[in-house]
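Asker: Give the three-dimensional model of this entry:
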Amino acid sequence: LAALIGLAGAVSLTAVAGARRGERALPEFLARQDPPHAVVYAFGAGPGDDLAETAEALRALPYVAEATRVAPLLVAGPDAGGAPRRLVALDVIDAGEEEVLGAPIVVDGRLPDGSRADEVAVDEEFVDRTGVGVGGRYPLRTYTAARTGDTDPNGAPPDGPTAEVRVVGVVRYPSDLVPARLEQDVTAVDTTDVYLTPRFWARHGPDLASFFGVGVAVRLDGGADDLGRLQEDADRLVGGALVDTVDPEQGVAGLSLDGVRRAIDLETRALQGFAALAAFAGLVLVGQALARQTAGDAADDPVLDALGMTRAQRVAASVLWAAVPAVAGAALAVVGAVALSPVTPVGVARRAELDRGVDVDGPVLALGAVAVVALVCAWAAVAAWRASTAGARLEAVAGRPSASARLLARARLPVTGWTGL
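Answerer: As a prediction, the model looks like this:
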């Protein structure tokens, strides 16, 4: 009985804790990204301008905490079938500032070494589209700086040099939680990303094309309150500047996560519903076993009653008996829920989970253990009360003598003459 209680409780507690873990996954993933407050683009800059002077001028502003140059390079390469495909290669120009793009989950391998020009990290969509994973080499074809802004996937082929790069890691940013649409070859939905190093830019960057030109990612001491000042100073420092505000949730990629939130919410509700069903099924199975036990024990009720034990005391005795497997089962349920915790969360929330290892949700386990003991004991009390009620009815029926027996007893016949009637 304790094992049955422990199994049902472990499944239920795992589902409840997994639902709570799934709800926390995306907020925790986003909290560690720390994206910049804005990206400044200088549309007046010519091809090949790396905005080094602009970045220095922005760093000199008293309310600017950090200014890092980034470039979404326009590159291409073969997909799994060998057909050419446009890609986005995000390159942080300033060495030591790679975290400006956020802190990804490393799905496989490691992050690239910033001092190596041939090391890259890629997203999971890149692996799906090209078939190249960790350890594989990939011919990255580039476009010359004059092709900046050319985002037509059916335009002229790459006219820059080919850089042979090696994939050292597969990473996942919050924007990668949005489902990939592999059946379409449209720039707006093709989010295949390659993450290059500052060393790559030092070797090739100034001569390469980008989607929007080089940008300067800026973190402000006053946060969003300083965006107006930044726009004024950027216009003064570089004519025709665009200050692109970065949504803290969407990051530099600028992809909405509303669909991701809805998917996680649905998965959470499903786990909660499953937990309720598992608890109900377990309670029914445990209740049947308790009912059989109490029904068998009810045969002793007349003896206990004759000894002076009240009905309430007999029910209390049954509850105390049931408390033993209930407490043991609750302990097993807690241990089982902790052991099963690595299988949660599920679905999209699992992709956003920073650490899929063992998770101990103290409030859920504590309240769950108390609930297991309380429910089992309550069920035992109900079963014992019903069994004692049935016994009392049978005793009342059995204790009613027949009319013929009463007549013979009054006739003063020997006891042997009417005993048994």
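Asker: chain center to stretch 293-309: distance?
Answerer: 53 Å (C-alpha atoms, centre = their mean, to the nearest Å).
Asker: Same check on stretch 18-29?
Answerer: 5 Å.
Asker: Tell me the buried residues in that stretch?
Answerer: Neighbour-count burial for stretch 18-29 flags 18-26, 29 (criterion: 16 or more other C-beta atoms under 10 Å). Bear in mind the C-beta positions are built from the backbone N, C-alpha and C, glycine included.
Asker: what does stretch 373-380 give?
Answerer: Buried residues in stretch 373-380, counted by 16+ other C-beta under 10 Å: 373, 375-377, 379-380.
Asker: Equivalent analysis for stretch 215-229, please.
Answerer: Those would be 215-220, 226, for stretch 215-229 by 16+ other C-beta under 10 Å.
Asker: I'd say residue 130 and residue 77 touch.
Answerer: Yes: under the criterion of C-beta atoms under 8 Å, residue 130 makes contact with residue 77 at 6.9 Å.
Asker: Check which helices and strands the helix or strand where residue 386 lies is in contact with.
Answerer: Using DSSP states H and E, residue 386 sits in helix 362-398. With contacts taken as 3 or more C-beta pairs under 8 Å, 6 or more residues apart in numbering; DSSP states H and E, helix 362-398 sits against helix 2-31, helix 258-297, helix 301-306, helix 311-340.
Asker: got a markdown table for these, with mean pLDDT and distance to residue 211 too?
Answerer: Formatted as a markdown table, the helices and strands packed on helix 362-398 follow (pLDDT from 0 to 100; distance: least, C-beta to C-beta, whole Å):
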| stretch | mean pLDDT | distance to residue 211 |
| --- | --- | --- |
| helix 2-31 | 95 | 24 |
| helix 258-297 | 90 | 24 |
| helix 301-306 | 72 | 84 |
| helix 311-340 | 91 | 45 |
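Asker: Switch these over to JSON lines; also include distance to residue 352.
Answerer: Below are the helices and strands packed on helix 362-398 laid out as JSON lines (distance: least, C-beta to C-beta, whole Å):
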{"stretch": "helix 2-31", "distance to residue 352": "4"}
{"stretch": "helix 258-297", "distance to residue 352": "8"}
{"stretch": "helix 301-306", "distance to residue 352": "58"}
{"stretch": "helix 311-340", "distance to residue 352": "20"}
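Asker: looking at the ones you listed, which is buried most?
Answerer: Across the helices and strands packed on helix 362-398, averaging neighbours per residue (mean count of other C-beta atoms under 10 Å) puts helix 2-31 on top, at a mean of 21.
Asker: chain center to that helix, what's the gap?
Answerer: On C-alpha atoms, centre = their mean, the centre of helix 2-31 falls 11 Å from the chain's centre.
Asker: on contacts alone, who are the packing partners of that helix?
Answerer: Contacting helix 2-31 under the criterion 3+ C-beta pairs under 8 Å, 6+ apart are the following elements: helix 258-297, helix 311-340, helix 347-352, helix 362-398.
Asker: who does the very next helix or strand once past it pair up with?
Answerer: Next along the chain after helix 2-31, taking DSSP H and E as the criterion, comes strand 38-42. Neighbouring strands of strand 38-42 in its sheet, by DSSP bridges, are strand 215-220 (antiparallel), strand 241-245 (antiparallel).
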